[in-house]
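[1] task: produce atomic coordinates for the following.
(2 chains)
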Amino acid sequence: MKLVTAVIKPYQLDAVKEALHALGVAGLTVSEVQGYGRQKGHTEVYRGAEYTVEFLPKIKVEVLTDEIDVEKVVDAVITSARTGKIGDGKVWVTGVDDVIRVRTGERGLDAL
Amino acid sequence: MEINTGNTAWLLLSSALVLLMTPGLALFYGGLNRSKGALNMMMMSFSSIGLISVLWVLYGFTLAFGSNDSEGVNKFLGSFTQYWGTGTSWIPEMWLETGIPTYVFMVFQMMFAIITVALISGSLSDRFKFGGWVLFGFGWFTLVYVPVAHWVWGGGWIGVNLGALDFAGGTAVHINAGAAALGVAVVLGKRIGWPRENMRPHNVPFVALGAGLLWFGWFGFNAGSELTVDGVTAVAFVNTQVATAAALLGWIIVEWLRDGKPTLVGASSGAVAGLVAITPACGFIAPLPAALLGIIAGVLCALAVGLKYKLGYDDSLDVVGVHFVGGWIGSLGIGFFATTQVNALASRESLFYGGGVDQLWRQFVGSAAVTVYSFAIAAVLALVLKAVKLGRVSDEAEVEGIDISDHGETAYDFTPSGGSGGGGFALAGLKPGVDADGKADASQKVAG
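    Just a heads-up that it's a prediction; the model follows:
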């Protein structure tokens, strides 16, 4: 099993959610995060003095999936999250040892 | 003399309006401050209401307004004949020829003393021990505000002998507070990390709300300063609106051209700069020159707030750039724009009305005298407080936040579910920031 983690622009969350839904992904976890990549931050000017805001607001999306669907999930995320401009974010995939559904105790692929 | 109900009603209302400016200033300054010192910044304004109100009835009013002789010692100070607006009894008396009870005039002037002291606090963000601030307020009020108010308005040497004009407080309030703010800021030194570190305003909506309350209250400050209700009151009211609006535009135009984008902090600051500049002049000039004065103040103050970076003093929230510079613009503006057509009390025509520089140099001397006196006494008071360890908080307290070190409170509760009072942590018998054996860790001790 795999965990797909994507850090995306807040504006793209709706598109990513729709794309994953269309793929039949049953659930995902979303959190508001801050950070910077190559885009760096932005500057604000107060009373003529410049302030650099280093960390930009981003959305982190986490999806659990099986080994077969993982490429489709990754494709769906990058296609829907892409605007072509700097700051679109990153996606990475990690292995997962086990998954348990709390309510029923099902394990592994059954819990996805 | 009989009571004049119209004049009295207007001055009572104006007094309440001017009082509201100080909580407005607290929001304006509080929003401009970083969040870790926002409460201390607001507390400096609120403590001024508490302290100065009491000192004003005890001795402030009588020493500022208790004599109109303008001879001998009364050139410099009032007398001990007026306390709470009466002489030796509690029976209400009328103030001069206004038909207003002296009680009402006394309380109107009280509100000016309160906000003048509070204005100084804007240069002292995040670093002045609160006890030191209270003692400073007491000392500066006694040694500077009271005599200067007498010099300018109470029949003292600036108003009577020199003949400099100040309708509502360009010299007595804004130049006075601005010069003091610079004096204390220079003695206390810079905030740790300034100007290398980002110190942006923590709550811009508060800044706008505070500016709005100041603007609203300022109608009492300016139009109320006529005391009576007449044509000059009307001109002062109109000028207050027109100059402030023009200054707001002037400030954001500078930002638009220089920085690319106009900001709400700029619009709010421009409004305050306009209010400051029109204050001394509002009852002496016509509305069109008032608009011009406003534009000039908006543009020059927007540029003046950058001076501190060049000269290296940490006037944290720009009391000098806005109040000191704006006060000077308005005070000198009288020398250019005042006319007896608006107010017979402007006994000399100004430069643009064919009077030459006769009024202008008087404005300059009066403003310069207040600048030097207030700056010097404020700096000396700050040096004394520093010597007795009532100056700056420790470096550690400054970095963690003066709100916690000096007041034991925090402006915002950022813990989930409203913090220690509820949520999943409380249900589980846990408090955020409390470790397993129930001891609060240091950073949460106060909030816990």
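[2] confidence score at residue 84?
    Because you didn't say which chain, this covers chain A. A:Gly84 is assigned a pLDDT of 90 by the prediction.
[3] I was thinking of chain B, sorry if that wasn't clear
    Per the predicted model, pLDDT is 70 at B:Trp84.
[4] quick one: classify it as helix, strand or coil.
    Of the three states, B:Trp84 takes coil according to DSSP: H, G, I helix; E, B strand; the rest coil.
[5] and chain B, which of its residues are near chain A?
    Along chain B, the residues adjacent to chain A under the rule C-beta under 8 Å from any C-beta of the partner chain are B:195, B:198-201, B:255, B:258-259, B:261, B:263, B:265-266, B:269, B:302-303, B:305-306, B:309, B:318, B:321. For glycine as for every other residue, the C-beta is placed from the backbone atoms N, C-alpha and C.
[6] B:Cys301 contacts B:Leu248, correct?
    No. In this structure, B:Cys301 is not within contact of B:Leu248 by C-beta atoms under 8 Å, at 11.1 Å.
[7] so what sits against both of those two?
    Residues touching both B:Cys301 and B:Leu248 by C-beta atoms under 8 Å, 6 or more residues apart in numbering or on different chains: B:Gly270.
[8] of these two, give the one with the bigger neighbour count.
    A direct count of neighbours by other C-beta atoms under 10 Å in any protein chain shown for B:Cys301 and B:Leu248 places B:Cys301 higher, at 30 against 25.
[9] for chain A, which residues are neighbours of chain B?
    Residues of chain A lying close to chain B (C-beta under 8 Å from any C-beta) are A:44-49, A:51-52.
[10] looking at the residues you listed, which is nearest B:Asn161?
    Closest approach between those and B:Asn161, by C-beta to C-beta: A:Arg47, at 38.9 Å.
[11] and the gap between the closest one and B:Ser45?
    According to C-beta to C-beta, to the nearest Å, A:Arg47 and B:Ser45 sit 20 Å apart.
[12] who has more neighbours, these two?
    B:Ser45 (26 against 23).
[13] that one and B:Met111, how far apart?
    13 Å.
[14] now the common contact residues for the two.
    B:Thr22.
[15] tell me how many other residues crowd B:Asn161.
    Close neighbours of B:Asn161, defined as other C-beta under 10 Å, add up to 13.
[16] wait, B:Asp403
    25.
[17] do the same with the one 10 residues further on
    For B:Asp413, the number of neighbouring residues by other C-beta under 10 Å comes to 11.
[18] next one: B:Lys310 from chain A, what distance?
    The gap separating B:Lys310 from chain A is 11 Å, by C-beta to the nearest C-beta, to the nearest Å.
[19] where does that residue land on pLDDT?
    92.
[20] tell me if it really is in a helix.
    Yes. Using three-state DSSP, the assignment for B:Lys310 is a helix.
[21] need the contact list for it.
    If you count contacts by C-beta under 8 Å, 6+ apart, B:Lys310 has none.
[22] please enumerate the strands of the chain.
    Here I'm looking at chain A. With DSSP state E as the criterion, chain A has strands at A:2-8, A:29-35, A:42-46, A:49-53, A:56-65, A:89-95.
[23] what would the ones you listed look like in CSV with mean neighbour count and mean pLDDT?
    Putting the strands of chain A into CSV (neighbours: other C-beta atoms under 10 Å in any protein chain shown; pLDDT from 0 to 100) gives the following:
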stretch, mean neighbour count, mean pLDDT
strand A:2-8, 21, 96
strand A:29-35, 12, 93
strand A:42-46, 16, 87
strand A:49-53, 14, 84
strand A:56-65, 19, 94
strand A:89-95, 14, 96
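[24] how about these in JSON lines, adding distance to B:Val186?
    What follows is these, written out as JSON lines (distance: least, C-beta to C-beta, whole Å):
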{"stretch": "strand A:2-8", "distance to B:Val186": "47"}
{"stretch": "strand A:29-35", "distance to B:Val186": "37"}
{"stretch": "strand A:42-46", "distance to B:Val186": "23"}
{"stretch": "strand A:49-53", "distance to B:Val186": "19"}
{"stretch": "strand A:56-65", "distance to B:Val186": "38"}
{"stretch": "strand A:89-95", "distance to B:Val186": "48"}
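[25] compare the ones you listed and give me the one nearest B:Gly31.
    strand A:42-46 (11.2 Å).
[26] counting by contacts, list what the closest one packs against.
    strand A:49-53 (3 or more C-beta pairs under 8 Å, 6 or more residues apart in numbering or on different chains; DSSP states H and E).
[27] each with direction, which strands does the strand it packs on pair with?
    If you go by DSSP bridges, strand A:49-53 pairs up with strand A:42-46 (antiparallel).
[28] now residue 39, nearest residue through space, not along the chain?
    Defaulting to chain A. Spatial nearest neighbour of A:Gln39, excluding adjacent residues (C-beta to C-beta, 6 or more residues apart in numbering or on different chains): A:Gly87 at 3.8 Å.
[29] chain B was what I was after
    Take B:Leu39 and drop its neighbours on the chain: the residue closest to it by C-beta to C-beta, 6+ apart is B:Asp403, 4.4 Å away.
[30] ok so that neighbour is a strand residue?
    No. Per three-state DSSP, B:Asp403 lies outside any strand segment and is helix.
[31] what pLDDT does it get?
    So, for B:Asp403, pLDDT stands at 97.
[32] any idea how far it is from B:Gly231?
    For B:Asp403, the distance to B:Gly231 (C-beta to C-beta) stands at 48 Å.
[33] how about B:Glu197?
    From B:Glu197 across to B:Gly231, the span is 52 Å (C-beta to C-beta).
[34] do the same with B:Asn74
    Distance of B:Asn74 to B:Gly231, given as C-beta to C-beta: 31 Å.
[35] these two: who's more crowded?
    Taking neighbours as other C-beta under 10 Å, B:Asn74 and B:Gly231 compare with B:Asn74 leading, 19 against 10.
[36] my read is the more buried one is in a helix, agree?
    Yes. Counting by three-state DSSP, B:Asn74 is found in a helix.
[37] secondary structure element holding the closest residue to it other than its chain neighbours?
    Spatially, and ignoring its direct neighbours in sequence, B:Asn74 is nearest to B:Ser67 (4.5 Å; C-beta to C-beta, 6+ apart). Using DSSP states H and E, B:Ser67 falls within no helix or strand.
[38] wait, isn't B:Ser67 in contact with B:Gly154?
    Yes. The pair B:Ser67 / B:Gly154 is scored as a contact, 7.2 Å apart, by C-beta under 8 Å.
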